[in-house]
Each structure stands twice: as C-alpha cells, then as structure tokens.
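# Make a model of this:
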Amino acid sequence: MSEQTTNIKTLEKLIFEILSDMFFVFPEDEEPEMPEEVYEGVISINGNTSMYLHFFIAPELAKVMAENFIGEEMISEEDILETVKEFVNMVAGNYIGIIDPEGKRELGLPKVKRVKTSEIKRLTEIHKYQVESCFLGFWVEE
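Here you go, the predicted model:
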C-alpha cells in the first residue's frame, strides 16, 4: 500500500471516529449525491512541506452536526460555520499527531465558506461519502 493510500485511510478513519464520537452522525454504505452547495472547510499543515486538508459538507449535514455538537435545535449560520471549523480542526489536529509525532509541523487556522459545488476545483479527486443521508467529502492537497 502506498504512503498516500495509507494517509487517506488514516484520515478516513479519523473522520469517521470524530463524526461518530463528537457529532453523533454515522457514515452509510450508499453512494452519495453531490448537493448544489457545500460548506468547504480548509486547514493547512505546515512544516518542511505544506499540505491542505479540504472538507466538503452538505448544508443539511452541517446543520445536524451543529445541533448535535451544541446540543440545541435553534442553530444560526454562525453556529454552523463554527462547528465546521471545529470539525476541521479536530480532524487535522489528530492527523498531525499521527503523521508528525515529533511535533515539527504546525496547523494553520481553519477557514470555512459556503460554495457552489460547480466552483470546486479538482472535484474528481474528492473522496466522497454519505453520512446521515447527506454528502461529505475530503481532498488532500499536497
């Protein structure tokens, strides 16, 4: 198995663990449908080389994640954005601990925006999943 495949499997495992443990949502074995819009969360991992982790979350899933994480049903757009940032930060923080146990790399700050899926570059490189009947994807930019 190549290093890239191993890294993708590691990220996939982390994503699913964090989704279930922190947000109480679970992946399904269905082929996901790409929504017209998603929240795109991005964070950099910097060191000798830099990489960016991109996450794409359907608005319906992001809302459920925010409701479950915050523990309230009255969720604002700001709550959703902050929840997606927290998710991105949790995944990246755990991932950097695995790939860099010596602590030589640094995390950037997570950024989140809502984008039309037609505007996403490298759409074919996104690893796609269905979670709670909604789309979730990620892409590693190296």
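# Pairing partners for the longest strand seen in the chain, with directions?
In the chain, assigned by DSSP state E, the strand with the most residues is strand 37-46. Paired strands of strand 37-46, with direction, are strand 51-57 (antiparallel), strand 106-107 (antiparallel), strand 111-116 (antiparallel) (DSSP bridges).
# List the buried residues of that strand.
Burial within strand 37-46, assessed by neighbour count using 16 or more other C-beta atoms under 10 Å, is assigned to 38-45. Any C-beta I mention is one placed from the backbone N, CA and C, and that applies to glycine too.
# Kindly report the same for stretch 116-136.
117, 120, 126, 129-132, 134-136.
# measure it end to end?
End-to-end distance of stretch 116-136 (C-alpha to C-alpha, to the nearest Å): 14 Å.
# Now do it, average pLDDT.
Per-residue pLDDT over stretch 116-136 has a mean of 89.
# Give me the residues contacting that stretch.
Residues from elsewhere that reach stretch 116-136 (C-beta atoms under 8 Å, 6 or more residues apart in numbering): 8, 12, 15, 19, 25-38, 40, 54-58, 60-61, 64, 137-139, 141.
# Among those, name the ones in strands.
Those of those lying in strands (DSSP E): 27-28, 37-38, 40, 54-57, 137-139, 141.
# among the buried residues of stretch 116-136, which are in strands?
129-131, 134-136.
# Can I get the ones in strands among the contacts of stretch 116-136 in TSV including distance to Ala92?
Listed next are the ones in strands among the contacts of stretch 116-136 as TSV, based on distance: C-beta to C-beta, whole Å:
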residue	distance to Ala92
Pro27	19
Glu28	24
Glu37	23
Val38	18
Glu40	14
His54	11
Phe55	9
Phe56	15
Ile57	15
Gly137	16
Phe138	11
Trp139	13
Glu141	13
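# Tell me the gap between the worst-scoring helix or strand of the chain on mean pLDDT and the middle of its chain.
When the helices and strands of the chain are compared on mean pLDDT, DSSP states H and E, helix 3-23 comes out lowest with a mean of 91. Put simply, helix 3-23 sits 9 Å off its chain's centre (C-alpha atoms, centre = their mean, to the nearest Å).
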